[in-house]
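Student: got a sequence here, can you build the structure:
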Amino acid sequence: MRRSGFFLLCLLFAACGEKRERHLEHFQGRGALELPKLAPLDAFSLPENPTVADRIFLMSQAEAARRLGAHRCQAEVRYQMAGSDERLSLVETDTIVTAQNGDFRVKVENDAGHGFEAVFSGGRFFLKNRWGPYHERDTLLGDPDKYREQAFGAVAAIYRLFRGRWSFAKQGVFRHHGRDAAKFSVALAAGEPRLPGTPAPPAVPPGVKKYVYPVEETPAEAERFRDRLRPRELRGTVAVDTDSGALLLAELTGSLVAETPDGGAITLEVSTRFVADGFGNPPLIPPPAPGEVKPIPQREVTNNRVLDFYFGKGFTSTLGPPAGVTAPLSTPNP
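Tutor: Below is the predicted model:
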């Protein structure tokens, strides 16, 4: 009886260890490029098939890496907004290098002085703002994928702005860094937007007078502004890999307009240039030099807990220092 119990206990520990390894492998991204290849997209059907267009131009960086393997992609996107009284602009450049073993390096900068750099190397993740040192971050919360996808959204952002109203005309096939690429000219498509706008809040069930919505991320007002934009002009070219259906090149310029409450108009001009190259390289991404990595400094947090008059001061005082008193992050107020 004892022997069988010991055997079952060993099996339990082995199963837990295997589950933990699968969990770490999923979140740390080991072997990301060794996954089975995805079914290729028919690049030549782009002018006739809106579903293929959505798959190509809304593709995540993780999927692009599986389709193209190790490579580098660079993007520059420009936004310029003009109203009756003022004009705003922003230029951002993004670079992502994906290695053969699934490591990657990300660099994002804009002309406002902001940006970040991220390095995923050997299962470890390092992150820095534009002007600071690297700090090692945990990988179990999905931060590596989050920052990589943030740097890959230049073309997808413009595609969403135009709500999918892109039309394509075939321009032939050419070689791009050793790969066959199908080239298309892009123009503004007629008709209504194909992609949905900002989702509406869920409807209150019938007969319910007091209702609390489920906890969901509320779309920002800046996202709702996208719903009021009307595409006015679009021109440019794109090139798609004929073997995998991933985007290789894009050069686009367009403008949109939105009416203001006072009867005026706001014009948004956008442009982007995207290129994927360096296929097959590098084999790996080295981590930052030891001198570039600093420990995360201990942060001070403010305890803003108010006195709980229902339970009394005695109960509240056991939960931490009084409101307004700083406490180290290592001993936060529960």
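
Student: how about stretch 240-250: buried residues?
Tutor: 240-242, 244-250 (16 or more other CB atoms under 10 Å). For every residue, glycine as well, the C-beta is placed using N, CA and C.

Student: which of these lies closest to residue 69?
Tutor: Comparing those against residue 69 with CB to CB places residue 244 closest, at 9.1 Å.

Student: now the buried residues of stretch 240-250 as CSV including pLDDT, secondary structure and distance to residue 209?
Tutor: Listed next are these as CSV, based on pLDDT from 0 to 100; DSSP: H, G, I helix; E, B strand; the rest coil; distance: CB to CB, whole Å:
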residue, pLDDT, secondary structure, distance to residue 209
240, 98, strand, 53
241, 98, strand, 55
242, 96, coil, 58
244, 95, coil, 54
245, 96, coil, 51
246, 97, coil, 51
247, 98, strand, 50
248, 98, strand, 55
249, 98, strand, 56
250, 98, strand, 51
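
Student: Three-state assignment for residue 175, please.
Tutor: strand (DSSP: H, G, I helix; E, B strand; the rest coil).

Student: residue 237 versus that one, what's the distance?
Tutor: 16 Å (CB to CB, to the nearest Å).

Student: the two: which is more packed in?
Tutor: residue 237 (15 against 8; other CB atoms under 10 Å).

Student: now the helices: where do they sit in the chain?
Tutor: Remark: helices assigned in the chain by DSSP state H are 2-28, 50-57, 61-68, 143-150, 154-161, 221-228, 313-317.

Student: mean pLDDT lowest where, among these?
Tutor: Ranked by mean pLDDT, these bottom out at helix 313-317, with a mean of 43.

Student: contacts only, for residue 45.
Tutor: By CB atoms under 8 Å, 6 or more residues apart in numbering, the contact list for residue 45 reads residue 52.

Student: can you list the weak-confidence ranges in the stretch 201-334 of the chain?
Tutor: 201-202, 210-223, 299-334 (pLDDT under 70).

Student: from what I can see residue 295 touches residue 137, true?
Tutor: No: in this structure residue 295 lies outside contact range of residue 137 using CB atoms under 8 Å: 11.7 Å.
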